[in-house]
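>>> generate coordinates for the sequence data below:
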Amino acid sequence: MVVKSELEKLGLEYTVVKIGEANIKEQIPEEILRQLDVELRKSGLQLMDNKKSILVEQIKNAIIDLVHYTDDQIKVNLSDYLGEKLNHDYTYLANLFSEVKGVTIEQFYLNHKIEKVKELIVYDELNLTEIAYKMHYSSVAHLSNQFKKITGLTPTHFKELKNKRRDTLENV
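As a prediction, this is how the structure comes out:
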């Protein structure tokens, strides 16, 4: 919404505005581009004109969408999914991502999966078996092992810590 608003203020016509991307119908003069960048930075956003940075953002957005906003299990592995979605060789994507972010695509993906698992544990609507199924783990043991490897805690211990933090005022 911020990007759309700033584009409209500057009288720029766009075809698409979505996370990490805006398609402008016309060539933007340098002065307007600088002005747009200044206004976006006020909102914590910035323009990216470097093709590598843009591609890294597209990788991040694809993974975040997959983990946090898609309930459908991908039928192929992550490398095939990203390669097809972004129309690039996965090896190139992986090398670029590691170079720019200092972490592998797989680690970024796993970190987001574990963050989603934490969120589901905190919501307390699903048990671990249901969470493992929803997050496409082969078993609860696999989920627990990965969770402990990344957080240093078992899912059960994490849930207990969450519950301990939520004592009633009378028990404090």
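
>>> quick check: Val122 touching Pro155?
No - using C-beta atoms under 8 Å, Val122 is not in contact with Pro155, being 11.1 Å away. Placement of C-beta: from N, CA and C, glycine included.

>>> now the element after the helix or strand of the chain with the lowest mean pLDDT, going C-ward?
When each helix and strand of the chain is scored by mean pLDDT, DSSP states H and E, strand 21-24 comes last, with a mean of 77. Along the chain past strand 21-24, the next helix or strand (assigned with DSSP states H and E) turns out to be helix 30-42.

>>> nearest residue to the residue nearest the centre of the chain other than its sequence neighbours?
Central residue of the chain (C-alpha atoms, centre = their mean): Ile64, 2.6 Å from the mean position. Spatially, and ignoring its direct neighbours in sequence, Ile64 is nearest to His112 (6.3 Å; C-beta to C-beta, 6 or more residues apart in numbering).

>>> next, the one you found: secondary structure please.
Following DSSP: H, G, I helix; E, B strand; the rest coil, the label given to His112 is helix.
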